[in-house]
Structure formats: C-alpha cells, structure tokens
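[1] can you look at this prediction? I've put the sequence above it.
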Amino acid sequence: MANAQTPNSAVVLKIAADQVAAKVSPTLYGLMTEEINYSYEGGLYGELIRNRSFKADAIQQIVHPDAYDPAKNYPAKFPANTAPKFWSTVGGAKIALDTNTPLNGALNVSLRLDLSSAAKNAPAGVANGGYWGIPVKPNTTYHASFYAKAQRFSGPLTVSLESADGKKVFAQAQISGFDAGWKKFNATLTTGGDLTPSKENRLVISTTKPGTWFNHHGTIWLQQVSLMPPTFKNRPNGDRTDISQILDDLQPKFLRFPGGNYVEGDYFNERFNWKETIGPVEQRPGHRSCWGYWSTDGFGLPEYLGWCQDLGMEPVLAVFAGYVLKRDYIPAGPTLAPFVQEALEEIQYVTGDATTHWGAQRVKDGYPNPFKLRYVEIGNEDWFDRSGSYDGRFAQFYDAIKAKYPNLQIIATTKVSSRTPDLVDDHFYRSALQMQSDTHHYDNVSRQGPKIFVGEWATREGSPTPNMNAALGDAAWLTGLERNSDLVVISCYAPLFVNVSPGGMQWRTDLIGYDALTSYASPAYYVQKMFNLNHGDAVLPVTVENLPMRDWQPPAPRRGGVAQTNLPPVQQVPTLFFNATRDTRSGVIFLKVVNAVGSAQNVSVEISGLAGVAANGEAVVLSAASPEDTNSNSEPTKLVPVTTSVDGLGRQFSRTFPPYSVTVLRLKTE
C-alpha cells in the first residue's frame, strides 16, 4: 500500500521476511536477439569481412503469398558486370560480379578479378575494409580463407592484413596452386607485438604476377572470402570475444531467437528460413534482412545453439508462423501446413537425438547432444496482422506441436481465443516516466490464465545506447516484473546490440554498443546485471509509508499515428521504487531500491518475521550525477555499479539512497 508523502515525513519500508508473496522464476532474466543494428554481421559474429559472399548487391525477387512455394529456392538477381559493395581495387586491377561462374547453387555469384595490370613493383588485387574497419591487435592470429579458381594464373597471391592506406603491413602469407577448378585456400596471419590496436585497416588479396609467362591476362574468381579473429571459447565459426564476455558476465538464463522481425522478414522469401542457415557456411545462400542489409546466414541456427551452449543459456525458439512484415499472410489450412511441418522439423533439429533425421543433421553440424527446449513461440508481434488470421494460424501450430511434443510450452504473440496458450508475449517500449508509472502493471493480473513472457521491453531514452534516466526507468520496471515473477516467468530487453559506427544503427536505445575494435555496456545493461545476479527465490511482501510522489503529464494518445489534442489527466508517479526477495537456502535478503530523482532520499527499513539481521552487509550501487550521463566507446566505464561493505544494518535501520541511483542491499539474516 502506498500513501503520498507529507512534508518532512520519513519513508518507511516494511518487509515481512517470514512470508512469501510469490516464487521468483529461475528463468526470469534472459536475452532477446535478432539481426538489427548489425547485431551479427559486423557485431557478435566473428567474421570481419563485409560482403564476403558478394551478394550484398542482390536484388531479391518479391514473392506474393499466392505464388509462394516454401519448397522452392527463389534466387536473387545481380547487376551484371558491376563491382560489389564494400570491395575496392588495389593497383590497376579490374573487378566485377560474375553470375556465370558460381561457386555452387547457394553462392551463385562470384568476384572476377582481372590481374593483367600486375607487375613486380605494382601489385594488383582487391581489398575489403570490413564493417567500418578491421580490428588489428598485437600478438593475434587471424585465419583467412577463400574459394578460388583461375584462368592462366597459378599464383602466388599475397594475403595481407594492412593499414587502410596500405603503408603498414601487419601480417601476410602467400598462396599458390590455383587452377581451373574451385578450391578452398587457407592462410594464417599473425601480428607482432609492437603495434597499437587499431580499426582503420583492410584485408588485401594481391599479386605482382599478371598471369602465365606466355599470356599476361590472368584472371581469378573469388568467393566466400573470410577473415576470422580468435573467437569466444575458440569455437569454429564463432563469436567475438569481447562482446561475448559482456554477455557471459550477465549470466542470462535463456536466449530468445532468431528474433523479432527477423523471424518474419519483409516478404516470404526473406523470412528466417532455418534450413538455409544450417550445414557448411559455403552452402548457405543468405538473405536480405528486414532492416535493409544482407545477412550471409553464417550466423545461423547452429550458431544460435552454440551461443546458448557457450553461455549456458536455455533456447527459446521462435518459429515462422505464416505472416510477414509487409502484412501478407498465409491463412490456416492446407497452404499453411508446410510451415507447420517446418516448425516441427526445426524443433527436432534442436531436441532430437542422432536417430532422428534433423537431430542427425545437428550432430553433423557439430552439436552431438540434444538441447533442452521448453518454450516455442509461434510468430512475432502478430497483433500487426489486421486480417485476424493469427487465431487460426496459432491453433494449427499449437495442435501439431502439442501432439508431437506435449511437454513444450507454447507462446502466443497476442491474445487468442481458439486455444489457451501456455504463455502470452507482451512488448513494451516507453519513456522512463511511462515505465515508472506502470510498475504495478502485473500486480492484479489473474493468475488463472496463461503465464507472461515479456519478450521485448526497453526504456527508450538515450542513443545509441541508454542513458542513466533510461536505466532508472528499466530498474523501476524490473522491480515490478520481479515482484510478479510467479506470473512473468521469462523476460528480455530489446534490442540487445548496436554497431555505433555511422550507418550502423537502425533502432535507437540498445543495450550494448561496439565498433570494429571496442565495445561497452550501457547503464541499462548494468541494471540488468544487478537484478539478475542479486535475487532470491522468494518474493517478500513489502509495504511503504509516506511514499514520495511527483506529478507527471502523460503524452497525448495517438490514433493512426497522429497525436490527439486531448491530454490524459495528470498522474502522480513515485520517486522511489523497491522490492525484496529472499534466498531460502542462505537466508540472504536482497532489497532493491531505485531513486529516480536528483535528490538523496532517506528511507527507514523495518524487517519482521526473523530472529535478526547482521549489522554488516553489502551494497551494490549504480548512480550518476545527471540522468543524461551514459557510457560510450570513449568512456566505457563512466557508469558502473560499485560494491561496498556497509554496517549499521539490523531489523530496523535507515539508509540514504543517492540521487539517480539503483541500489541492491544484501542483508544477511540470522
């Protein structure tokens, strides 16, 4: 119960430590991910070459659902005889896309490189600058590889890692043995210890020999040009180490994948077609992301599972459900049946053993053990489907999955009446005050219906990553989710990643930022970490007296995208937010207090129902001088939690919480 504060009255928190208001879900805190803001390509995925398969120029065929055949591959078209995006020439070399010399049916275009201008003192070749640079670090080994075939040229080619202006060569290797057939070539590039880390670099493939001695018109074709740095836990085709470590420190309990809008795509042939993202990377055709750039699908379904394995996360699988972002859909019935079967096969890929068809394929892809899977989500944000088809589509997926996998928990992306889902996915993107005004959102929701998955949420203030005010909104919101985690059993912030380089962001306010060389965690990330690493298994009842409030004018409602003139009534929003949980094994109480305003607030705490509370404990505090303060690549640790020992605790104590702060008190009970 909350009462408005009277002048000079003390705020009193009363915690009933001998009562349990709810059980805390052990999977409450996890990750949501999709390909946006260069999350994989140019982000988590280790690959450093941009447009490695030369398909970023592809012109996709747009397929209407009436003509769509899920069993058919719809090849992309390419502009003829043009230089590919993100590649440049070295010396007098000439390059062009070549659709007449494909590597295979998946990578159906190649780069034709004319070497006739090469000379001893004038190398000719091709260069790639990566995703806004290629990171070069001292004493580091990079693995370069590519497929190549040649005409009137046997080599050697020099593969080099060098500065963007070509004046410094950090590592190089020579490769020979080219002939008229496609072959894969590999090279190891190891840098020395006397260089300064930088990102203004490029990979160069060049030669000083124009061709055979009798004909100086040597030509070589390239495909799948790759440069991989050391990866997290040394996983082949793996993930960037620094970003992975930030995530590992968060200790997430699950990963919702593959997204998001990325599940659907703008058109049917741009959806996440999982069968085209498995197997060898050179057999994956890739597709256009709904956020406007090409995805090689080098980070495909096996890589999602590897990510789960590396971080000890449980997969939460989202399956394509017959609806795309351009609002086309396939109605329930026979036309939808192939997609339902596709979902069943995807579940088998994740969970099946080696005796199953798709489980055997997963084993072949490098993952011998089945993955534990409890949750499957049908579609994404299907409230956008104004046709009303989701109810029927959901029922068709629900019935088929439950028949074959009765223990799986099925998540609906919006309310349905045809079946009772196990969970419903709620999404919230709001301002800090909107989040703070709604911390009791789930307090009085019926516990008799489906559980809740808060599958996307964020306080959207700050760009490209959240500022402290957003972190305060997040923290206030999380006190409500944690207090209601008997109902809200899983939740995840979105979006997770953003490449902060110019042109790398499509969605402002993202949890973790990076460029080619460096990365950092936002204040909102540290709030996530504080909450996830500091909670018990039992929610304790907390009441408050004299809760301080402030006036807030909610924004005008919008209809059809237009703000209305009639403003909602002024609301009162607390300035303090809190909850308490207890670890029933150790007895430790975790008291979380969020001070959302710029003045310190003194709080008296009264704990009942136990013998005593130790005088000494710990405080984890994230605070800022200004709500606009934030972290960045240049100041990655400007705002980080600080853990200190505190004394003067007990069953009754007072503590002053600093301005703009999130605090976790760890109280040892007797």
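    Received it, and whenever you're ready, just let me know what you need.

[2] phi, psi of Pro495?
    Per-residue torsions, Pro495: phi -70, psi 160 (degrees, to the nearest 10).

[3] burial check on it, number of neighbours?
    23 (other Cβ atoms under 10 Å). The way it works is simple: take the backbone N, C-alpha and C, and place the C-beta from them, glycine included.

[4] Glu635 now?
    Applying other Cβ under 10 Å, I find that Glu635 has 11 neighbouring residues.

[5] that one in helix, strand or coil?
    Glu635 carries the three-state label coil when classified by DSSP: H, G, I helix; E, B strand; the rest coil.

[6] please enumerate the helices of the protein.
    In the chain, the helices defined using DSSP state H lie at 241-250, 261-264, 301-311, 337-351, 357-364, 390-404, 432-437, 468-483, 523-532.

[7] deepest in the core, which of the ones you listed is it.
    Neighbour counts (mean count of other Cβ atoms under 10 Å) averaged over each of those peak at helix 468-483, with a mean of 27.

[8] do you know which of the helices of the chain lies nearest Pro502?
    Of all these, helix 241-250 sits nearest to Pro502, with 19.5 Å by Cβ to Cβ.

[9] the closest one packs against which elements?
    Contact here means 3 or more Cβ pairs under 8 Å, 6 or more residues apart in numbering; DSSP states H and E; on that basis helix 241-250 packs against strand 29-32, helix 301-311, strand 512-514, strand 519-521, helix 523-532.

[10] in JSON lines: the ones you listed, plus distance to Val445.
    Formatted as JSON lines, those follow (distance: least, Cβ to Cβ, whole Å):
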{"stretch": "strand 29-32", "distance to Val445": "20"}
{"stretch": "helix 301-311", "distance to Val445": "30"}
{"stretch": "strand 512-514", "distance to Val445": "31"}
{"stretch": "strand 519-521", "distance to Val445": "32"}
{"stretch": "helix 523-532", "distance to Val445": "20"}
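
[11] any chance of CSV for the ones you listed, columns mean pLDDT and distance to Thr141?
    CSV is the format used below for those (pLDDT from 0 to 100; distance: least, Cβ to Cβ, whole Å):
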stretch, mean pLDDT, distance to Thr141
strand 29-32, 98, 29
helix 301-311, 98, 20
strand 512-514, 98, 21
strand 519-521, 98, 20
helix 523-532, 98, 30
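
[12] strands of the stretch 51-200 of the chain, start to end?
    87-90, 94-98, 110-114, 124-128, 141-151, 157-163, 169-175, 183-190 (DSSP state E, counting those that start in this stretch).

[13] make TSV out of those strands and add mean pLDDT, mean neighbour count and distance to Gly43.
    What follows is the strands of the stretch 51-200 of the chain, written out as TSV (pLDDT from 0 to 100; neighbours: other Cβ atoms under 10 Å; distance: least, Cβ to Cβ, whole Å):
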stretch	mean pLDDT	mean neighbour count	distance to Gly43
strand 87-90	96	18	20
strand 94-98	95	18	26
strand 110-114	95	23	24
strand 124-128	97	22	17
strand 141-151	97	20	18
strand 157-163	98	22	20
strand 169-175	97	17	23
strand 183-190	98	15	22
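
[14] need those in JSON lines (columns: distance to Gln224).
    Supplementary listing: the strands of the stretch 51-200 of the chain in JSON lines, determined by distance: least, Cβ to Cβ, whole Å:
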{"stretch": "strand 87-90", "distance to Gln224": "13"}
{"stretch": "strand 94-98", "distance to Gln224": "14"}
{"stretch": "strand 110-114", "distance to Gln224": "9"}
{"stretch": "strand 124-128", "distance to Gln224": "13"}
{"stretch": "strand 141-151", "distance to Gln224": "5"}
{"stretch": "strand 157-163", "distance to Gln224": "14"}
{"stretch": "strand 169-175", "distance to Gln224": "15"}
{"stretch": "strand 183-190", "distance to Gln224": "8"}
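
[15] and of these, who's closest to Ile512?
    Nearest to Ile512 among these is strand 141-151; the distance by Cβ to Cβ comes to 23.5 Å.

[16] and the strands of the stretch 51-200 of the chain: which comes nearest Tyr429?
    So among the strands of the stretch 51-200 of the chain, strand 124-128 is nearest, using Cβ to Cβ, at 35.6 Å.

[17] got the CA positions of that closest one in PDB?
    Provided in PDB are the C-alpha atoms of strand 124-128 (Å, rounded to 0.1, in the frame of the first residue of the first chain):
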ATOM      1  CA  ALA A 124      47.200  -5.600 -58.300                       C
ATOM      2  CA  GLY A 125      44.300  -7.100 -56.300                       C
ATOM      3  CA  VAL A 126      41.300  -6.400 -54.200                       C
ATOM      4  CA  ALA A 127      40.700  -5.100 -50.700                       C
ATOM      5  CA  ASN A 128      38.000  -5.100 -48.100                       C
END
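
[18] what lines up beside that strand in the sheet?
    Using DSSP bridges, strand 124-128 pairs in its sheet with strand 87-90 (antiparallel), strand 201-207 (antiparallel).

[19] of all these, which lies closest to Tyr520?
    Short answer: strand 201-207, nearest of those by Cβ to Cβ, at 20.9 Å.

[20] got the CA positions of that closest one in PDB?
    The C-alpha trace of strand 201-207 is given here as PDB (Å, rounded to 0.1, in the frame of the first residue of the first chain):
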ATOM      1  CA  ASN A 201      42.700  -1.500 -41.600                       C
ATOM      2  CA  ARG A 202      41.900  -3.800 -44.500                       C
ATOM      3  CA  LEU A 203      42.400  -7.200 -45.900                       C
ATOM      4  CA  VAL A 204      44.200  -7.300 -49.300                       C
ATOM      5  CA  ILE A 205      44.500 -10.100 -51.800                       C
ATOM      6  CA  SER A 206      47.000  -9.200 -54.400                       C
ATOM      7  CA  THR A 207      49.700 -10.400 -56.800                       C
END
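
[21] would you indicate which residues of that strand are buried?
    Buried residues in strand 201-207, defined by neighbour count with 16 or more other Cβ atoms under 10 Å: 201-207.

[22] relative to strand 141-151, how tilted is it?
    30 degrees (axes from the mean of the first three to the mean of the last three Cα atoms, to 10 degrees).

[23] strand 201-207 vs strand 110-114, what angle?
    60 degrees.

[24] quick one: strand 201-207 to strand 183-190, angle?
    With the same axes, to 10 degrees as the basis, strand 201-207 and strand 183-190 are set at 130 degrees to each other.

[25] list the contacts of strand 201-207.
    By Cβ atoms under 8 Å, 6 or more residues apart in numbering, the surrounding residues in contact with strand 201-207 are 48-49, 90-91, 93, 113, 115, 118, 123-130, 133-136, 144, 146, 153, 155-164, 166, 170, 218, 222, 225, 227.

[26] and the contacts of stretch 176-194?
    103, 136-151, 153-157, 159-161, 170-173, 175, 220-221, 223, 227, 282.

[27] likewise stretch 425-444?
    Contacts of stretch 425-444 (Cβ under 8 Å, 6+ apart): 377, 381, 411-414, 452-461, 469-470, 472-474, 476-477, 479-481, 483-484, 487-488, 494, 552, 554-555, 571, 573-574, 577, 596, 627.

[28] now that stretch: average pLDDT?
    Taken as a whole, stretch 425-444 carries a mean pLDDT of 97.

[29] pull out the buried residues from it.
    425-428, 430-439, 441-442.

[30] now the end-to-end length of it.
    18 Å (Cα to Cα, to the nearest Å).

[31] next: stretch 545-565.
    Across stretch 545-565, the terminal residues are separated by 37 Å (Cα to Cα).

[32] now find how far off-centre that stretch is within its chain.
    30 Å (Cα atoms, centre = their mean, to the nearest Å).

[33] hang on, the earlier thing: out of the buried residues of stretch 425-444, which is nearest to Lys253?
    Distances from Lys253 to these, taken by Cβ to Cβ, are shortest for Asp425, at 16.8 Å.

[34] with adjacent residues omitted, what lies nearest to that closest one?
    Distances taken as Cβ to Cβ, 6 or more residues apart in numbering place Gly455 nearest to Asp425, at 4.2 Å, with adjacent residues excluded.

[35] could the helices of the chain be laid out in JSON lines, adding distance to Pro331?
    JSON lines is the format used below for the helices of the chain (distance: least, Cβ to Cβ, whole Å):
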{"stretch": "helix 241-250", "distance to Pro331": "39"}
{"stretch": "helix 261-264", "distance to Pro331": "16"}
{"stretch": "helix 301-311", "distance to Pro331": "27"}
{"stretch": "helix 337-351", "distance to Pro331": "11"}
{"stretch": "helix 357-364", "distance to Pro331": "27"}
{"stretch": "helix 390-404", "distance to Pro331": "7"}
{"stretch": "helix 432-437", "distance to Pro331": "36"}
{"stretch": "helix 468-483", "distance to Pro331": "35"}
{"stretch": "helix 523-532", "distance to Pro331": "39"}
